[in-house]
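> sequence first, predicted coordinates after that:
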Amino acid sequence: MTVAVRRALATVATGGLAVMSIAIAATPAAAATFATTPKAHCGPGSLPETGLQGEVPLADQMDGRSQQGYRCNLQLVGRYAGNGGAIMMAWYGHCAYMATGYSPSDPDWNKLKGVVVIDVSDPRHPKETARLQTPAMINPWEALKANATTGLLATGEGGSFPLAGPGAAGPIFDVYDVKHDCAHPRLDDSVSLPDGKGHEGDFAPDGKTYYQSSLSAAPSKSVIAVDVSNPKHAHEVTAWSSTYGPVHGLQIADNGNRGYFMIAGMNAGSGDNDGLLSVDTSQIQQRKPHPQIRVISHLFWHDSGEAQLGRVVRIKGHPYVITTDEFGAETEPHEACAKGQPPYGFVHIVDIGNERHPRLVNTIRLQVNDPANCAKVLSEQNAGFSLMYSGHYCTADDPNNTTAIACAWLSSGVRVFDVRDVMHPREIAYYNPPAHLDENTIRGGAPYFDVLVGTRTKDSTATQIRWLRDPRTHQEELWFISGENGFQVLKFTNGAYPFTPHPAAAADTTGWPPVGDVIRPTSAATGALLIMLLATAIFANRPTRRLTRG
């Protein structure tokens with residue numbers, strides 16, 4: 001979409017739309033070029049990459065080396081392969097939910113379609129316990145999410161592929177109860193939303209509202225808020241249209257009062273809006289009559305495109321949004337390379353300490369994202385669009401005290417980065433699953449994989465990633481899915497993670513280690529203690545003041 005078209009859309013009358021006009025702070029991204037992130041140092045037991053950082057060299061794809069995979073300071077604990085996965089995985093308790101996207105032409109489509117429920121009580125031997133086959137679960141695309149507070153699992157219907165027929169984007173919204181028995185979810189509601197159109201989405205923190213994003217711009221509805229406070233009667237609250245461009249992934253934060261929407265520009269290098277839109281969602285959170293979404297600020301960049309997701313984190317107490325882009329600067333990698341721009345998307349780190357003036361402070365990019373390596377990586381491009389070596393989803397070890405992020409980097413696999421020093425992030429581990437050449441392995445995500453990723457001589461990982469400490473082994477683990485290998489559990493090796501706190505960061509590492517789901521009680525107790533100590537210190541040093549009558 002060109003800049004001229006976007007400007008024209010901004011003038012479209014918004015009668016009946018949930019839009020409020022306010023003064024908007026527009027912050028241009030800095031034009032600085034950031035360095036490639038340092039590679040991980042691989043310890044014993046690793047099977048390192050043979051080419052560039054993040055690359056599956058064409059030679060490896062041809063001679064079979066890619067069928068061994070690549071690993072560095074991460075080791076496979078267990079997996080449930082099934083017929084491979086599609087794009088998204090969700091989780092609750094000891095269970096994982098693997099989206100699939102079987103082709104309707106598959107002879108076993110009626111039997112196999114839907115979200116696979118996986119019991120991970122024993123991480124070494126995950127097992128399937130059910131398949132969810134209501135309409136929206138047939139192909140959830142990127143919308144499949146669970147909420148830890150309410151124990152709800154929900155998704156909108158379909159995504160980009162296939163473009164028509166079962167699994168295409170539609171109005172159905174499904175919500176399941178996974179709190180009572182995560183291995184056997186119970187359907188609460190399957191409802192047609194007036195403005196519903198599946199693609200992406202996520203819950204507000206309290207789990208009472210699900211925000212569905214459609215990858216659409218005005219005059220179409222971009223974001224639909226769904227009330228799931230009574231999950232047996234889910235219903236649309238409001239719908240909002242973006243005049244900035246299509247809304248892709250999103251996150252709701254600040255107790256439901258703030259939203260971070262990603263504006264997806266397919267050709268950012270040619271001027272399309274691409275980046276972060278910060279919005280006020282408090283009227284929806286408070287269930288005001290006729291609630292409106294208000295835009296606070298935006299930050300766009302042009303070195304990569306089709307912005308995918310933004311995740312809010314706190315690093316040493318300061319708020320940032322970790323974002324990903326699933327395209328390079330242009331839709332086609334060769335077009336970006338011809339302009340000296342990055343061929344594939346990567347991570348942008350945005351400082352939101354001043355929400356009206358967000359700042360781009362750094363990026364995380366691999367060698368495959370560097371335009372200097374275009375000649376090599378373009379020879380490996382075997383699918384449409386610039387998805388192959390792009391970052392797609394990143395997840396923090398602890399959003400409230402982030403020290404590391406794990407990113408699904410499509411055909412570069414799972415990449416883990418130390419982000420304690422925002423200005424100097426470094427890679428610490430990676431795991432790129434082995435390629436499989438048989439068609440049966442990839443049936444679970446065939447339409448997505450074949451069209452967007454390409455040949456099966458390399459795998460693809462697109463999902464959000466779960467950080468978890470196994471309560472029995474005390475190992476730090478990662479859960480994820482990939483197109484050819486299905487659901488997998490990894491563990492860190494060689495002391496790569498957790499980190500040993502260094503003196504400069506000692507004040508930020510109380511309740512160590514900050515890993516996923518096992519830290520909340522410790523962190524809460526520590527937080528209460530810190531507040532009490534801080535209050536004591538303040539009042540102890542407070543000057544005495546005499547009260548006088550005026």
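Here it is on my side, so go on.

> can you name the residues that contact the residue most central in space within the chain?
Nearest residue to the geometric centre of the chain (C-alpha atoms, centre = their mean): Y393, 3.2 Å. By C-beta atoms under 8 Å, 6 or more residues apart in numbering, the residues touching Y393 are 308-309, 324, 407-408, 462-465. To be clear about C-beta, it is placed using only N, CA and C from the backbone, and glycine gets the same treatment.

> could you rerun that using 10 Å?
87-89, 142, 249, 308-309, 311, 324, 326, 406-410, 461-465, 480 (C-beta atoms under 10 Å, 6 or more residues apart in numbering).

> could you identify the buried members of those residues?
Buried residues within these, counting neighbours by 16 or more other C-beta atoms under 10 Å: 87-89, 142, 249, 308-309, 311, 324, 326, 406-410, 461-465, 480.

> just the ones of these in strands?
Here DSSP state E is the test, and the buried ones among the contacts of Y393 give 89, 249, 308-309, 311, 324, 326, 406-408, 480 as lying in strands.

> let me see the ranges of the helices in the stretch 151-300 of the chain.
Remark: helices assigned in the stretch 151-300 of the chain by DSSP state H, counting those that start in this stretch are 282-285.

> now the strands for it?
152-157, 170-177, 186-192, 200-203, 209-213, 223-227, 235-240, 247-253, 258-263, 275-280, 293-300 (DSSP state E, counting those that start in this stretch).

> looking at these, which is buried most?
Highest mean neighbour count among the strands of the stretch 151-300 of the chain (mean count of other C-beta atoms under 10 Å): strand 152-157, with a mean of 30.

> got the angle for that strand vs strand 170-177?
Orientation of strand 152-157 against strand 170-177 (axes from the mean of the first three to the mean of the last three C-alpha atoms, to 10 degrees) gives an angle of 170 degrees.

> send the alpha carbons of strand 152-157 over as PDB?
Extracted in PDB, the C-alpha atoms of strand 152-157 (Å, rounded to 0.1, in the frame of the first residue of the first chain):
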ATOM      1  CA  LEU A 152      -9.400 -19.700  28.700                       C
ATOM      2  CA  LEU A 153      -8.100 -20.700  25.300                       C
ATOM      3  CA  ALA A 154      -9.500 -18.700  22.300                       C
ATOM      4  CA  THR A 155      -9.000 -18.000  18.700                       C
ATOM      5  CA  GLY A 156     -10.500 -16.300  15.700                       C
ATOM      6  CA  GLU A 157     -11.200 -18.200  12.500                       C
END
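
> that strand pairs with which strands, and in what direction?
Applying DSSP bridges to the sheet, strand 152-157 is found paired with strand 145-147 (antiparallel), strand 170-177 (antiparallel).

> just for the stretch 301-450 of the chain, where's the confidence low?
Scanning the stretch 301-450 of the chain for pLDDT under 70 picks out 447-448, 450.

> wait, I meant the chain
1-32, 160-165, 447-448, 450, 501-550.

> quick one: the residue nearest to the centre of the chain from I172, how far?
24 Å (C-beta to C-beta, to the nearest Å).

> with I349 instead?
36 Å.

> ditto for K113
Separation of K113 from I172 (C-beta to C-beta) stands at 14 Å.

> one step back: want to throw the ones in strands among the buried ones among the contacts of Y393 into a markdown table with distance to Q212?
Below are these laid out as a markdown table (distance: C-beta to C-beta, whole Å):
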| residue | distance to Q212 |
| --- | --- |
| M89 | 18 |
| G249 | 11 |
| Q308 | 16 |
| L309 | 15 |
| R311 | 18 |
| T324 | 19 |
| E326 | 19 |
| A406 | 25 |
| C407 | 24 |
| A408 | 21 |
| F480 | 23 |
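
> closest one of these to C374?
C374 has its nearest neighbour among these in E326, at 18.2 Å by C-beta to C-beta.

> which residues touch the closest one?
142, 248-249, 262, 264, 304-309, 344-346, 385-387, 390-393, 410, 452, 462.

> change it to 6 Å
Applying C-beta atoms under 6 Å, 6 or more residues apart in numbering, one finds that E326 lies in contact with 306, 308, 345, 387, 390, 392.
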